[in-house]
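In: how would this look folded up:
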Amino acid sequence: MSLLRWLILVAIALLLAPHVLALVERPRDHAATAYVLRQSDALVQRAGGWLRGHVPTRIAGRDRTDWIMVAGLSVVAIGAGSLRDGIVSRVTARQLRHELGRWRKSMQLGEDTRAAAALDEGFKDLENARSVDRSELLRAFAEAKRRLDALGREVAFLSIDVVGSTAMKEREESAAIQYDFAEYRKLVEAVFAAHGILKSAWTPDGVMGCFADTDQAIAAGKAVILALGDFNRDVKLMRADFAVRCGVNAGYVHFDEATPLEAMSDRVIDIAGHMQKYAEPNTVAVAHKVIAPLRNPAGFTPTDRVVDGYRVASWRPAQWDRVIRTHDAWFHDRVK
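Out: Reported below is the predicted structural model:
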């Protein structure tokens with residue numbers, strides 16, 4: 001479309017050239033102006049014949065073919081410009097909508113979530129517009145991003161998994177397995193509720209919990225480990241004792257209460273799962289940088305392990321014998 005407009009502008013300039021050069025003395029005696037006049041004459045002769053066969057070109061006793069051609073080409077140029085702007089607007093809108101969808105998909109945002117609504121809000125006023133300037137689309141996209149960022153918050157994730165759960169179930173009765181793991185889940189959910197869980201997602205033998213801050217997530221992980229003493233002694237039926245690995249990580253994520261935790265996807269969550277995977281049994285593993293600002297980081301010891309580029313610190317109950325005994329008695333009474 002841009003090329004077409006430039007060709008039209010060149011043709012209009014050629015058609016107007018004789019009228020402008022009429023002010024110049026003997027323009028056909030000079031090579032440059034003579035060339036321009038020859039091209040103008042050729043254009044009028046080639047297009048003028050077709051034009052004269054379709055519309056009247058003599059006005060007030062004079063042939064006005066060139067002026068009619070200028071007027072017609074001007075209309076075409078204006079129409080081409082409007083068509084080009086419309087095409088650019090639609091293509092840009094389609095590209096941004098595609099990017100919006102890709103962005104929403106990458107962040108696992110459901111259609112009915114506040115975050116998805118925030119993304120769509122910026123485009124609401126542009127949906128029925130016949131023509132939208134590219135700058136307006138980009139501004140709407142930027143506004144949608146700001147609305148989405150406003151929904152973000154700092155949260156902490158606790159990943160817990162039962163150590164050797166498959167081996168524990170070997171040569172055990174189905175009823176005992178179902179009972180033990182159901183009671184274990186009740187224990188974990190009671191701990192989570194006591195420590196302000198925001199949302200959680202369970203796999204068959206593992207769970208990911210989201211908490212408002214790192215202190216709560218770590219405290220919940222410790223509490224689950226400490227509660228297993230009474231659980232293994234007084235509750236479970238299987239021969240093998242329950243042991244768990246805990247991993248904690250914290251960071252800024254797009255948080256929407258309407259989005260289930262299993263539908264959330266973020267590197268912060270992935271690292272919590274990796275911390276748990278490489279943790280020792282009955283320990284809480286966390287990146288050293290995460291526990292540095294805690295109100296009560298005592299009990300964590302640095303390790304040589306590095307997970308996802310972060311040096312790992314670990315907490316284990318053996319360092320807290322008095323706390324274990326006190327907490328076991330307290331939690332046993334609370335769960336009962």
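
In: per-residue pLDDT, the nearest residue to residue 221 once chain neighbours are set aside?
Out: For residue 221, ignoring the flanking residues on the chain, the nearest one in space by C-beta to C-beta, 6 or more residues apart in numbering is residue 246 at 3.7 Å. The C-beta positions use only the backbone N, C-alpha and C, and glycine is treated the same way. The score at residue 246 is 97. That number is its pLDDT.

In: now residue 246: which helix or strand?
Out: Secondary-structure assignment from DSSP states H and E places residue 246 in strand 244-254.

In: tell me the buried residues in that strand?
Out: With burial defined by 16 or more other C-beta atoms under 10 Å, the residues of strand 244-254 counted as buried are 244-251, 253-254.

In: reformat those residues as a markdown table; add distance to residue 22.
Out: Formatted as a markdown table, the buried residues of strand 244-254 follow (distance: C-beta to C-beta, whole Å):
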| residue | distance to residue 22 |
| --- | --- |
| 244 | 96 |
| 245 | 93 |
| 246 | 92 |
| 247 | 87 |
| 248 | 86 |
| 249 | 81 |
| 250 | 80 |
| 251 | 76 |
| 253 | 73 |
| 254 | 69 |
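
In: ok, which stretches of the stretch 151-300 of the chain are helices?
Out: With DSSP state H, counting those that start in this stretch as the criterion, the stretch 151-300 of the chain has helices at 165-168, 174-194, 214-230, 267-277, 288-291.

In: which strands or helices does the third one pack on?
Out: Packed against helix 214-230 by the contact rule (3 or more C-beta pairs under 8 Å, 6 or more residues apart in numbering; DSSP states H and E) you find strand 152-162, helix 174-194, strand 206-211, strand 244-254, strand 283-287, helix 288-291, strand 310-315, helix 321-335.

In: what angle do it and strand 206-211 make?
Out: Between the direction of helix 214-230 and that of strand 206-211, the angle (axes from the mean of the first three to the mean of the last three C-alpha atoms, to 10 degrees) works out to 140 degrees.

In: distance between helix 214-230 and the chain's centre?
Out: Taking C-alpha atoms, centre = their mean, to the nearest Å, one finds helix 214-230 lying 32 Å from the centre of the chain it belongs to.

In: check stretch 178-197 too.
Out: 32 Å.

In: average model confidence for it?
Out: Confidence over stretch 178-197, taken as the mean pLDDT, stands at 96.

In: buried residues in that stretch?
Out: Along stretch 178-197, these residues count as buried under the neighbour rule (16+ other C-beta under 10 Å): 180-181, 183-184, 187-188, 190-192, 195, 197.

In: among the residues you listed, which one sits closest to residue 286?
Out: Residue 286 lies nearest to residue 195 out of those, by C-beta to C-beta, at 15.3 Å.

In: any idea how far residue 220 is from that closest one?
Out: Relative to residue 220, residue 195 is positioned 4 Å away (criterion: C-beta to C-beta, to the nearest Å).

In: any shared contact partners between these two?
Out: Overlap between the contact sets of residue 195 and residue 220, as judged by C-beta atoms under 8 Å, 6 or more residues apart in numbering, is given by residue 211.

In: run me through the strand neighbours of the strand holding residue 246, direction for each.
Out: Here the strand partners of strand 244-254, with direction, are listed using DSSP bridges: strand 152-162 (antiparallel), strand 283-287 (parallel).

In: quick one: it to helix 174-194, angle?
Out: Note on geometry: by the same axes, to 10 degrees, strand 244-254 and helix 174-194 are set 50 degrees apart in direction.

In: what is residue 284 paired to in the beta sheet?
Out: Counting by DSSP bridges, residue 284 is bridged to residue 246, residue 315.

In: for residue 238, what are its contacts?
Out: Contact criterion C-beta under 8 Å, 6+ apart gives 168-169, 172, 176-177, 180 as the residues in contact with residue 238.

In: what about residue 261, how many neighbours?
Out: For residue 261, the neighbour count with other C-beta atoms under 10 Å is 16.

In: one more: the one 4 residues further on?
Out: Taking other C-beta under 10 Å as the neighbour definition, residue 265 ends up with a count of 14.

In: max-length helix in this protein?
Out: In the chain, ranked by residue count with DSSP state H as the criterion, the top helix is helix 65-106.

In: who are the packing partners of it?
Out: The elements that helix 65-106 packs onto, with contact taken as 3+ C-beta pairs under 8 Å, 6+ apart, are helix 2-21, helix 31-52, helix 114-121, helix 134-150.

In: who's in contact with the helix or strand following the second one?
Out: Using DSSP H and E, the next helix or strand after helix 31-52 towards the C-terminus is strand 58-59. Taking contacts as C-beta under 8 Å, 6+ apart, the residues outside strand 58-59 that touch it are residue 64.

In: in its sheet, what does strand 58-59 sit against?
Out: According to DSSP bridges, strand 58-59 has these partners: strand 62-63 (antiparallel).

In: residue 27 against residue 35, yeah?
Out: No. In this structure, residue 27 sits apart from residue 35 without contact. The criterion is C-beta atoms under 8 Å, and the distance is 10.4 Å.

In: phi, psi for residue 316 please.
Out: In this entry, residue 316 is assigned phi and psi values of phi -130, psi 140 (degrees, to the nearest 10).

In: apologies, that question was intended for residue 23.
Out: phi -80, psi -10.

In: check contacts around residue 156.
Out: The neighbourhood of residue 156, defined by C-beta under 8 Å, 6+ apart, consists of 210-214, 216-218, 248-250.
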